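1. Can you look at this prediction? I've put the sequence above it.
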Amino acid sequence: MSQEALPEDSYLTLKGESEGLYKEKGSKFLAFAYPVKNEGDIKEKLEQLRKRYYDARHHCYAYILGKDQELFRANDDGEPNHSAGDPILGQIRSKGLTDVLIVVVRYFGGTKLGVSGLIHAYKTAAAEAITNNEIITAILHEKVKIDFEYLSMNEVMKLIKDYELQIIEQHFDNHCQIILEVRQKLLDEISHKISDLNGVKMHIL
C-alpha cells in the first residue's frame, strides 16, 4: 500500500528488527534496521551497536520519525560527505517508512571504494535490512482519560465494547476512572458520544 492510499491516521513502519550484509573489496557493511518511537530509542540502539562493534571503522545511520516524516537525520560518521547517511535515508524514504532507524556498521577492508562505491554499498546494505524485515501499517492512537460516577458504568462500558477500545488502566470506586487508547480518527466521534452521557468527562492525555 502506498503512503497516499493510507488512512490519514496511519503510517508505514517496520515490524521488528532485521539485518543486512554487503561485502565489497574486503570491506564489510553490516546493516541493522529498527522500529523506533523517539530519539531516546535511537540513542539506545546506537550505543548498543557501538559497544558490540567497537572495533568497526564507521557507524553510519539515518532515521525518520513522525507520521508526516517531519523529523529525520543522516550521519556519515567520518565517511565522505553524503556517501553513507544519505543513501541509507534514501532507502527508508523510498519505501515511505517512518519511525525507523537504520545503522550500517563498516569494517574497512584495506581498499578504498570511492564515493560512488560507498554510496552503492551503504544503499545496498540498508535495502537488504529492509527486505529482511516486514513493512506494516501502524495506526496513531491518543490516550484519553474518562471520569465518571459508578452509576454510569454500564453506559461507559458499552461504548468501550462498541468501539473495541483498549483499556490501559482502570480504577473503580464511587468515582471511576478509565484510561483508554483511542484511534485518532475516532476521537471526535467518541468525544461526542461521551458528551451525551450524563456526568461523564473525557480528557486527552
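-> Okay, I see it. Numbering: from 1, shown residues only.

2. how near is residue 101 to residue 141?
-> Here the criterion is C-beta to C-beta, to the nearest Å. By it, residue 101 lies 21 Å from residue 141. (Glycine included, C-beta is placed from N, CA and C.)

3. May I have the residues that are in contact with residue 61?
-> 46, 74, 75, 77, 85, 88, 101, 102, 103, 104 (C-beta atoms under 8 Å, 6 or more residues apart in numbering).

4. Neighbours of the closest residue to the fifth one other than its chain neighbours, how many?
-> Translated: residue 85. Closest residue to residue 85 apart from its sequence neighbours, by C-beta to C-beta, 6 or more residues apart in numbering: residue 74 at 3.0 Å. By other C-beta atoms under 10 Å, the residues close to residue 74 number 18.

5. do the same with the one 5 residues further on
-> Around residue 79 sit 21 other residues, with neighbours defined as other C-beta under 10 Å.

6. just to revisit the earlier point, in which helix or strand does the residue nearest to residue 85 reside?
-> Using DSSP states H and E, residue 74 sits in strand 71-75.

7. Looking at the contacts of residue 61, which is nearest residue 169?
-> The closest of these to residue 169 turns out to be residue 101 (C-beta to C-beta; 29.7 Å).

8. that's a strand at the closest one, yeah?
-> Yes. Assignment of residue 101 by DSSP: H, G, I helix; E, B strand; the rest coil places it within a strand.

9. Show the contacting residues for it.
-> Counted by C-beta under 8 Å, 6+ apart, residue 101 has contacts 33, 34, 36, 41, 42, 45, 46, 61, 62, 63.

10. Can you tell me which of these end up in helices?
-> Among these, the subset assigned to helices under DSSP state H consists of 41, 42, 45, 46.

11. wait, the last one sits on residue 104?
-> This points to residue 46. No. Assessed by C-beta atoms under 8 Å, residue 46 is found out of contact with residue 104, at 11.8 Å.
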